[in-house]
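**Q** sequence first, predicted model second:
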Amino acid sequence: MSTSRSVATAQIVARVNGIDNTTPYAKAGIMLRDTLTAGSAHVILDVKPDGGVEFMQRSTAGGATVYLGGTTVSFPMWLRLVRTSSSVSAAVSSNGSQWTTIGNTTVGGTGSGLIRAAGDEPDHRDTCGRDLRSGCRRRGRDRSR
């Protein structure tokens with residue numbers, strides 16, 4: 001897992017080569033969060049093993065995470081979140097240079113949120129998915145390349 005402090009303008013880009021279909025909820029992605037506290041407000045862009053991409057947001061702490069948009073992609077692929085002031089844009093790319101915007105949203109918070117690579121498996125052991133290249137950690141080992 002890689003976490004870094006952001007300012008009002010921030011960008012995170014990750015290349016995903018593929019994801020093992022370990023559970024129906026397996027996914028890998030990138031996230032902007034207000035805090036590391038469970039239930040924190042966040043914006044997430046993730047991809048599932050079938051190539052389904054989800055752009056979602058929890059706009060208030062403790063609120064529901066809401067689907068904002070999505071698409072389907074082939075691997076390898078890139079995910080990008082860009083925050084400028086209170087706006088966040090989500091995009092995908094097949095080559096890392098030409099981007100397709102999936103959606104935009106407005107976020108609150110102080111602008112001192114967290115940027116991180118994110119993965120989701122029910123046992124929470126894998127925070128990276130398979131070969132997510134954004135400097136993430138898996139069970140304490142550096143997996144950045």
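**A** On my side now, so go ahead. Predicted model, so just to flag it, every value in this text is computed and none were measured.
**Q** and stretch 45-58, end to end?
**A** Using Cα to Cα, to the nearest Å, the end-to-end distance of stretch 45-58 comes to 12 Å.
**Q** need the pLDDT of residue 57.
**A** pLDDT, residue 57: 96.
**Q** cool, and residue 39?
**A** In this model, residue 39 carries a pLDDT of 90.
**Q** look up how far residue 10 lies from it.
**A** 22 Å (Cβ to Cβ, to the nearest Å). Heads up, the C-betas are built off the backbone N, CA and C, glycines and all.
**Q** and for residue 43?
**A** As judged by Cβ to Cβ, residue 43 and residue 10 stand 11 Å apart.
**Q** hey, what's in contact with both of these two?
**A** Residues within reach of residue 43 and of residue 10 at once, by Cβ atoms under 8 Å, 6 or more residues apart in numbering, are 32, 83.
**Q** those two: which is more packed in?
**A** Between residue 43 and residue 10, residue 43 has the larger neighbour count (other Cβ atoms under 10 Å), namely 26 against 18.
**Q** list of residues touching the helix or strand hosting the more buried one?
**A** Counting by DSSP states H and E, the element that carries residue 43 is strand 42-47. Around strand 42-47, the neighbours that count as contacts under Cβ under 8 Å, 6+ apart are 16, 19, 27-34, 53-58, 65, 73, 77, 79-81, 83, 88, 90, 92, 102, 105, 107, 118, 120.
**Q** next SSE after it?
**A** Downstream of strand 42-47, the next assigned helix or strand under DSSP H and E is strand 52-58.
**Q** that next one - contacts with which helices or strands?
**A** On a contact count with 3 or more Cβ pairs under 8 Å, 6 or more residues apart in numbering; DSSP states H and E, strand 52-58 meets strand 42-47, strand 66-72, strand 87-93, strand 100-106.
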